[in-house]
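Novice: Okay, here's the prediction I keep looking at, along with the sequence it came from:
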Amino acid sequence: MSLFQEDFTATSAAVRVRFGAGVRHAVDEEMDRLGLSRALILTTPQQADTGAKFAERLGARAVGVFSGAAMHTPVPVSEDATAMAIRLGADCVVAVGGGSTTGLGKAIALRTDLPQIVVPTTYAGSEATGILGQTEAGRKTTITTPKVQPEVILYDAELVRSLPVGMTVTSALNAMAHAAEGLYAQNRSPISSLMALEGLRAFHAALPRVLDNPDDLKARGETLYGAWLCGTVLGQVGMALHHKLCHTLGGSFDLPHAETHAVILPHAIAYNQQAAAGELAPVATIFGGPAPGKALHDFATRMKAPLALRDLGLREADLDRAADIASENPYWNPAPVNRAGLRRLLQAAWAGDAPASWDPAT
Ligand code: NAD
């Protein structure tokens, strides 16, 4: 089936992407290519050792390491790191980590215009977008601007090998959610759809092999390939119900990011599978049908992903408020978004039930 559309606009960011086991050692080459010589290295506290190794390897090209990156990019942390970059006269940032560390690099770029080299160690996909989510005084806001789009991405399978199996699965499902929602985005293009399907195929093929052997570098590399494609889709098109629900659950109930994506994905896709039947049909084909939501649920079950919001700490008593918040200012979505439909979806996701095949309009 062709993905041709009669009308579309496709915009691609100018990003240099390199893949390969060991490619993390090419940070110096990439700095030279851009005429840069003073890197501030960024990590989370948990990955401070990795940051120290980068600093050692870069020698005089590294002017410092900031190991304070935190989930949801808190503004005070970004301000501290930006002050450090300015104080040390950094001319670029090198973000080594998952979406939290990439987010910090973007926050510094927003404030300083410093170029970013990102070395991802999860599948979250933030490195491939011009989107920055920040939190201040408990409120999360999102900015989309080319100013925060990283210039260089180095995907090194050896670095993602240390991602624990549980996080590997939830992070992969987080990435797959960008692709699945990209398929029915209003502003999709044939190119974004091609990338979305190829990204889903890559995870379907490689994730089971990673679970069998987390040290399988070829399979790890293929999952990173999936992450790049899915993240690029996220950077090109608008997201819908799935992302709105995850932002609600993360922002208002403090549920963990990747795990929440993993639980919600099959339910959100099932909600939309009648309204976007043609766009989602290939998902059922890739994951072995019959319906795309159920096929994703079966895959998540096989991958031993978390399946229930109650296991992530959400109380059943919170479901009404979650449905209220998620149905306020909804993102555009192929199926009509109504509170009763969301409440049913949330109940099933809370309990860990398989997604129902239902018409959300009824
Ligand atoms: P994360 O970056 O918060 O990482 C979670 C934990 O895993 C951290 O302690 C980290 O140090 C550790 N870790 C990461 N890689 C590891 C590895 N290979 N080995 C061992 N430990 C490792 O988690 P995430 O899911 O990658 O990112 C989530 C954040 O990214 C959220 O704040 C989310 O909003 C944001 N995000 C933003 C975008 C965007 O386009 N702006 C896209 C996706 C996610």
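Specialist: On my side now, so go ahead.

Novice: Quick check, the residue in the protein closest to the ligand?
Specialist: Residue nearest to the ligand within the chain (Cβ to the nearest ligand atom): residue 99, separated by 2.0 Å. Yep, even glycine has a C-beta here, placed from its N, CA and C like the rest.

Novice: Report the contact partners of that residue.
Specialist: Counting by Cβ atoms under 8 Å, 6 or more residues apart in numbering, residue 99 touches 122, 124, 125, 126, 257.

Novice: Determine which two of those residues are furthest apart.
Specialist: 125 and 257 (11.8 Å; Cβ to Cβ).

Novice: With neighbour numbers in mind, choose between the two.
Specialist: residue 125 (30 against 21; other Cβ atoms under 10 Å).

Novice: Skip the chain neighbours and tell me the closest residue to the more buried one.
Specialist: residue 231 (2.5 Å; Cβ to Cβ, 6 or more residues apart in numbering).

Novice: thought the one you found was touching residue 122?
Specialist: No - judged on Cβ atoms under 8 Å, residue 231 makes no contact with residue 122 at a distance of 10.6 Å.

Novice: which of the contacts of residue 99 come close to the ligand?
Specialist: 122, 124, 125, 126, 257 (Cβ under 6 Å from any ligand atom).

Novice: Export the residues you listed as TSV, with columns for secondary structure, distance to residue 299 and pLDDT.
Specialist: Compiled in TSV, the ones next to the ligand among the contacts of residue 99 are given as follows (DSSP: H, G, I helix; E, B strand; the rest coil; distance: Cβ to Cβ, whole Å; pLDDT from 0 to 100):
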residue	secondary structure	distance to residue 299	pLDDT
122	coil	19	98
124	coil	19	97
125	coil	18	98
126	helix	23	98
257	helix	20	95
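
Novice: which one of these is nearest residue 9?
Specialist: Closest to residue 9, out of all of those and judged by Cβ to Cβ, is residue 125, at 21.5 Å.

Novice: Just to check, the closest one is in contact with residue 236?
Specialist: No - taking contacts as Cβ under 8 Å, residue 125 lies outside contact range of residue 236: 11.5 Å.

Novice: Would you mind listing the buried residues in stretch 93-113?
Specialist: Neighbour counts over stretch 93-113 (16 or more other Cβ atoms under 10 Å) mark 93-111 as buried.

Novice: what's the weakest-modelled helix or strand in this structure?
Specialist: Comparing helices and strands within the chain by mean pLDDT, DSSP states H and E singles out strand 139-144 as the least confident, with a mean of 89.

Novice: does the ligand sit close to that strand?
Specialist: No - counting by Cβ under 6 Å from any ligand atom, the ligand is not contacted by strand 139-144; separation bottoms out at 7.5 Å.

Novice: ok, then the element right after the lengthiest helix in the chain?
Specialist: Among the segments of the chain that qualify as a helix by DSSP state H, the longest is helix 190-212. Note on helix 190-212: by DSSP states H and E, the next helix or strand toward the C-terminus is helix 217-236.

Novice: Next, the angle strand 139-144 makes with that following helix.
Specialist: 90 degrees (axes from the mean of the first three to the mean of the last three Cα atoms, to 10 degrees).

Novice: Tell me the residues of the protein that contact the ligand?
Specialist: So far as Cβ under 6 Å from any ligand atom goes, the chain lies against the ligand at 44, 46-47, 71-72, 97-101, 103, 121-122, 124-126, 129, 131-133, 159-160, 162-163, 171, 174, 234, 257-258.

Novice: Weed out the non-buried ones from the residues you listed.
Specialist: 44, 47, 72, 97-101, 103, 121-122, 124-126, 129, 131-133, 159-160, 163, 171, 174, 234, 257-258.

Novice: what's the closest of the ones next to the ligand among the contacts of residue 99 to residue 208?
Specialist: residue 122 (18.5 Å).

Novice: For the residue nearest to the closest one when sequence neighbours are not counted, give me its contacts.
Specialist: Spatial nearest neighbour of residue 122, excluding adjacent residues (Cβ to Cβ, 6+ apart): residue 98 at 3.4 Å. Going by Cβ under 8 Å, 6+ apart, residue 98 touches 44, 120, 121, 122, 124, 126, 171.
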